[in-house]
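Colleague: below is the sequence, then the predicted model.
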Amino acid sequence: MFLDRMGYLEETFFTFSFSPIRDETGRVAGLFHPVTELTQETLARRRLRVLRDLAEHARDAQSLETAARLIGESLAGADLDLPFMLFYGLEEGGRRARLLAQTGVTSPELAPVTIDLEAAEATPWTIDRAARDGQVQRLDGLRERWGDTACGPYPEPPES
């Protein structure tokens, strides 16, 4: 079930059962309906399976291009957890990034084939900062940047 929790739709999993509550005559007078949330366990199992598949699928890669292609193929089936993925490699001494693999994004504006990192403010990503600082970059406000462009299996764009 998708529930709106903390301001966004979240995939959730529950188990439940129905048990009759009988009165003194033996007739059903009510219903006991216990519900147990299994979201954390279910997502952990699914994501661990994705990691195992990724390790198995890409273990023999001998180049960055091959690794990116194999990772893209492996993660294409994990779109519930990773609705999109863009894998860029640095070229020209870190002045340019080239798209090596992608899943979930079809818009050329959102997945440019090459990005000039010296003029990266023209792209929707912070690849220039990640390349310069060597740090993971969290990018919020994707709906504002993307508009109504959806990706992966979801009808709405991601927020972060």
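Modeller: That came in fine, so what should we check first?

Colleague: got phi/psi on the residue nearest to residue 76 when sequence neighbours are not counted?
Modeller: Distances taken as CB to CB, 6 or more residues apart in numbering put residue 103 closest to residue 76, at 4.5 Å, once the chain neighbours are dropped. C-beta here means a position set from N, CA and C on the backbone, and glycine is covered the same way. Here is the backbone geometry of residue 103 (degrees, to the nearest 10): phi -140, psi 150.

Colleague: ok, now which ones touch residue 103?
Modeller: 72, 75-76, 79, 82, 84-85, 152 (CB atoms under 8 Å, 6 or more residues apart in numbering).

Colleague: what distance do you get for it to residue 96?
Modeller: 22 Å (CB to CB, to the nearest Å).

Colleague: related to what we said a few turns ago, how near is the residue nearest to residue 76 to residue 28?
Modeller: 51 Å.

Colleague: now do the nearest residue to residue 143 once chain neighbours are set aside, the pLDDT please.
Modeller: Leaving aside its sequence neighbours, residue 143 sits nearest to residue 157 (CB to CB, 6+ apart; 5.2 Å). Here the pLDDT value assigned to residue 157 is 76.

Colleague: tell me, how many residues neighbour residue 157?
Modeller: Applying other CB atoms under 10 Å, we find 19 residues neighbouring residue 157.

Colleague: could you do residue 73 as well?
Modeller: For residue 73, using other CB under 10 Å, the count is 14.

Colleague: how about the helix or strand containing it: buried residues?
Modeller: Counting by DSSP states H and E, the element that carries residue 73 is helix 64-75. Neighbour counts over helix 64-75 (16 or more other CB atoms under 10 Å) mark 67-72, 74-75 as buried.

Colleague: end to end on stretch 5-18, go ahead and measure it.
Modeller: Distance between the two ends of stretch 5-18: 25 Å, counting by CA to CA, to the nearest Å.

Colleague: stretch 56-72 too?
Modeller: 13 Å.

Colleague: distance check, residue 33 against residue 12.
Modeller: Residue 33 is 17 Å from residue 12, by CB to CB.
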